[in-house]
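Trainee: when you get a sec, could you give me coordinates for this:
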Amino acid sequence: MRVKLEEKKNFFYTFIICLFFVVLKLFYRLNIIGKKNIPKTGPVILVSNHKSNIDPFVVSAVLYPRKIHSMAKEELFRNPVLSFFFRKLGAFPIHRGKYDRQAFKNSLEVLSKGQVFALFPEGRRNRLEDDKLGPLHKGAALIAIKSGAPIIPMGIKGTGKILPKGKLIPRFPKIKVKIGEPIPLIDDKTKLTEKIGEAISSILGEI
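Mentor: Residues are numbered from 1 along each chain as shown. Model (predicted):
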């Protein structure tokens, strides 16, 4: 399904993301480093590690007032209420476990409109300890090569401790986010994926 871009932030998006930002500041003492590395206009591919289901909301809150678009697993869009919620927040579906041509086209469409596209190259939540980065998919590199959009790396720490596996009561760890400088674009998806992994790992080692 082709994504319908809402280039301007709607009231729903603004309310949810600003509310989430307040919660992150008050309860999780959100600390942001390097926001100046995000261009104020133009296409951007934002790549980050992935430890929790709230990571997409953290990215949206950190990058506000720029609106982000992202992929979410197709199952979430089967429910009409959830579909409305995620689409209003700039997400579109992807069929995991196989090459999704339409999701790839949607990604390029987002960038062609000068928007921000956020990706978690690990593909799903990483259960590794000590904030180590898991194996990366090459999708982010391929999208960057095809679009020519700059790649900005981000590291997120703390979100994986909010609801550890086996726990029912959420915790309130400090969340740290650092945005790095653009990764030089090279026309080799394997080597570029390695560069993305190195950049994110380096950031995680600094925060």
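Trainee: what residue is smack in the middle of this structure?
Mentor: Closest to where the C-alpha atoms of the chain average out (C-alpha atoms, centre = their mean) is Ala118, at 3.7 Å.
Trainee: is it in a helix, a strand, or coil?
Mentor: With DSSP: H, G, I helix; E, B strand; the rest coil as the basis, Ala118 sits in strand.
Trainee: contact partners for it?
Mentor: By C-beta atoms under 8 Å, 6 or more residues apart in numbering, the residues touching Ala118 are Leu46, Val47, Ser48, Pro56, Val59, Ser60, Leu63, Ile68, His69, Ser70. In short, each C-beta sits where N, CA and C put it, glycine included.
Trainee: quick one: contacts of stretch 162-172?
Mentor: Residues outside stretch 162-172 that contact it (C-beta under 8 Å, 6+ apart) are Phe27, Tyr28, Ser52, Ile54, Arg127, Lys161, Pro173.
Trainee: closest to Asn79 out of the residues you listed?
Mentor: Nearest to Asn79 out of the contacts of stretch 162-172 is Ile54 (C-beta to C-beta; 18.9 Å).
Trainee: ends of stretch 48-56, what's the gap?
Mentor: One end of stretch 48-56 to the other measures 10 Å (C-alpha to C-alpha, to the nearest Å).
Trainee: that older thread, tell me the bridge partners for the residue nearest to the centre of the chain.
Mentor: Leu46, Ser70 (DSSP bridges).
Trainee: what pLDDT does it get?
Mentor: Ala118 is assigned 97 on the pLDDT scale.
Trainee: how close does it sit to Val58?
Mentor: In this view, Ala118 and Val58 are 10 Å apart by C-beta to C-beta, to the nearest Å.
Trainee: just give me the closest of the contacts of Ala118 to Val110.
Mentor: Of all the contacts of Ala118, His69 has the smallest distance to Val110: 4.5 Å, by C-beta to C-beta.
Trainee: doesn't Leu89 make contact with the closest one?
Mentor: No. Between His69 and Leu89 there is no contact under C-beta atoms under 8 Å: 9.1 Å.
Trainee: buried stuff in stretch 75-87?
Mentor: Of the residues in stretch 75-87, Phe77, Phe86, Arg87 count as buried by neighbour count, 16 or more other C-beta atoms under 10 Å.
Trainee: list the contacts for the first one?
Mentor: Pointing back at Phe77 there. By C-beta under 8 Å, 6+ apart, the residues touching Phe77 are Ser83, Phe86, Arg87, Pro93.
Trainee: also Met71?
Mentor: Listed by C-beta under 8 Å, 6+ apart, the contact set of Met71 reads Ala91, Phe92, Pro93, Ile94, Ala103, Ser107, Leu119.
Trainee: tell me which of those residues fall in strands.
Mentor: Ala91, Phe92, Pro93, Ile94, Leu119 (DSSP state E).
Trainee: identify the farthest-apart pair in the residues you listed.
Mentor: Pairwise distances among the ones in strands among the contacts of Met71 were taken by C-beta to C-beta; the largest, 14.6 Å, belongs to Pro93 and Leu119.
Trainee: make a markdown table from the buried residues of stretch 75-87 and add pLDDT, secondary structure and distance to Glu206 to it.
Mentor: Below are the buried residues of stretch 75-87 laid out as a markdown table (pLDDT from 0 to 100; DSSP: H, G, I helix; E, B strand; the rest coil; distance: C-beta to C-beta, whole Å):
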| residue | pLDDT | secondary structure | distance to Glu206 |
| --- | --- | --- | --- |
| Phe77 | 91 | helix | 36 |
| Phe86 | 92 | helix | 32 |
| Arg87 | 91 | helix | 35 |
